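K.L.:
next comes the sequence, and after it the predicted model I'd like to discuss.
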Amino acid sequence: MKTYDKFLDYYEEVVRWINSPLEDEVEFLKEDCIREYNSEAKTILEVACGTWSVAKEFIKAGYEVTGLDINENMLKKAEALLNPPLTPPSNHGGGKKVELILWDMTNFDLWKTFDVVLCNYNSICHLLTWQEWQDFFAMAHKHLNKNGILIFDINTLFEFESITRDFAQFYTFGDDVVCLEMFKKPSHFEWLIKIFSHKKVPHPNPLPEGEGNNLYELITEVVKENSFPISKIEKELKATWFKLLEKVDYHYGQVSAESERVYFISKKS
Ligand SMILES: C[S@@+](CC[C@H](N)C(=O)[O-])C[C@H]1O[C@@H](n2cnc3c(N)ncnc32)[C@H](O)[C@@H]1O
C-alpha cells in the first residue's frame, strides 16, 4: 500500500484547502513561471502528478503533458478524471494522447526530454533523505531540454515546525470526518491522518433517543515528509548545473526565514 491510498477519496479537497485554490496555483505556474521564463515551452513533465488536477489545466491550455507518479491508485484516479481522454487542442500541435507513467521520481528514464519539469504541491517533500532530493534534481536535469526549466515548491522547515505546534485540523465530508495532525520525528515529519468513516449500519445496541447511534470506522494513515534549508537547496541546484532564476514565497513574494511555501524556478544550464 502506497502513501495516500487510504486518504485518496478525501485527498483532492483537503490538499486544495490546505494549500491554495487550484485556479490561483495554475495561473501562477502558467504566467509567473512558464510564460515568464520559457515562453516557448510546449511540453511538460509533471512529476508526482497525483490525480492530475494541475496537469488537466495545462492540457486545456494547450500544453502536452506527461505525468509520473509512484502511486498506481493516484494514477487510476487521474485516468478516471481523464475519461473521456483530454487531448491538447490542435492549434498547439496537439492531438497526442496524454501519458501517465508509474515510476519513482528519484530514478526514472523516459528516453525523452521536456521544456518544463514540474513538481508541485510540495511533492518533493515526500522524499525523506537529502540523497533522494539530489537524485530527483539529477533526474529533472536529465529530462529537460536545453534551456528547459525545473519548477518545484517546498513546504519549508519553518512551516513543518509550525504545523507540529498547531492544533489538529478537521475536515467534514458528509458524515465522515478527517483529522490531520503533524508530528516531528528525529529525521523527518509525519502527518497522522485519521479518517472517521461513518458506517451505514445500525448500532447493535441503539440508545433509546437515537442519540449516539452512529457507528464510525477509524482508518489511519501516516504520510511522511521532510524538508531542508532553503540555502542548502539553492546551493545544490547551482552545483547540479541549474541556474536558479527565482525563488519565491508563494504567499508573500519575498522569501524570508518565516516563509511557509517556497517555489524554486531554475533553468538547465
Ligand atoms: C501532495 S501529492 C501532490 C500531487 C499533485 N502534484 C497535485 O498537485 O495534486 C504528492 C504526490 O507525490 C507522489 N509521490 C510520493 N513519492 C513519490 C516518488 N518517490 N516518486 C513519484 N511520486 C511520488 C504521491 O504518490 C502523490 O501523488
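P.N.:
Here it is on my side, so go on. Small disclaimer: the values here were computed from a predicted structure and weren't measured. Numbers count the residues shown, from 1 in each chain.

K.L.:
mind showing which ranges of the stretch 51-200 of the chain have poor pLDDT?
P.N.:
Across the stretch 51-200 of the chain, the stretches falling below the confidence threshold (pLDDT under 70) are 83-98, 200.

K.L.:
same thing but 80
P.N.:
Counting by pLDDT under 80, the stretch 51-200 of the chain contains low-confidence residues at 81-98, 166-167, 199-200.

K.L.:
what about the strands in it?
P.N.:
64-69, 99-102, 114-119, 144-155, 169-173, 176-184, 189-199 (DSSP state E, counting those that start in this stretch).

K.L.:
what number of residues lie near the one residue in the chain that gets nearest to the ligand?
P.N.:
Closest contact between the chain and the ligand, by CB to the nearest ligand atom, is at residue 50 (2.6 Å). Placement of C-beta: from N, CA and C, glycine included. Neighbourhood size, residue 50 [other CB atoms under 10 Å]: 23.

K.L.:
that one reaches residue 76, doesn't it?
P.N.:
No - counting by CB atoms under 8 Å, residue 50 does not reach residue 76; the two are 11.5 Å apart.

K.L.:
mind listing residues that contact stretch 160-176?
P.N.:
Stretch 160-176 is touched from outside by 9-10, 13-14, 17-18, 177-184, 189, 195-198, 214, 225, 227, 260, with contacts defined as CB atoms under 8 Å, 6 or more residues apart in numbering.

K.L.:
and if we set it to 6 Å?
P.N.:
Applying CB atoms under 6 Å, 6 or more residues apart in numbering, the contact partners of stretch 160-176 are 10, 14, 178-182, 184, 189, 197-198, 227.

K.L.:
do stretch 142-152 as well
P.N.:
With CB under 6 Å, 6+ apart as the contact definition, stretch 142-152 has outside contacts at 33, 37-38, 45, 113-119, 124, 140, 264-268.

K.L.:
in PyMOL, how would I select the buried members of those residues?
P.N.:
Buried members of these can be picked out in PyMOL with the line below, counting by 16 or more other CB atoms under 10 Å:
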select buried, resi 33+37+38+45+114+115+116+117+118+119+124+140+264+265+266+267+268
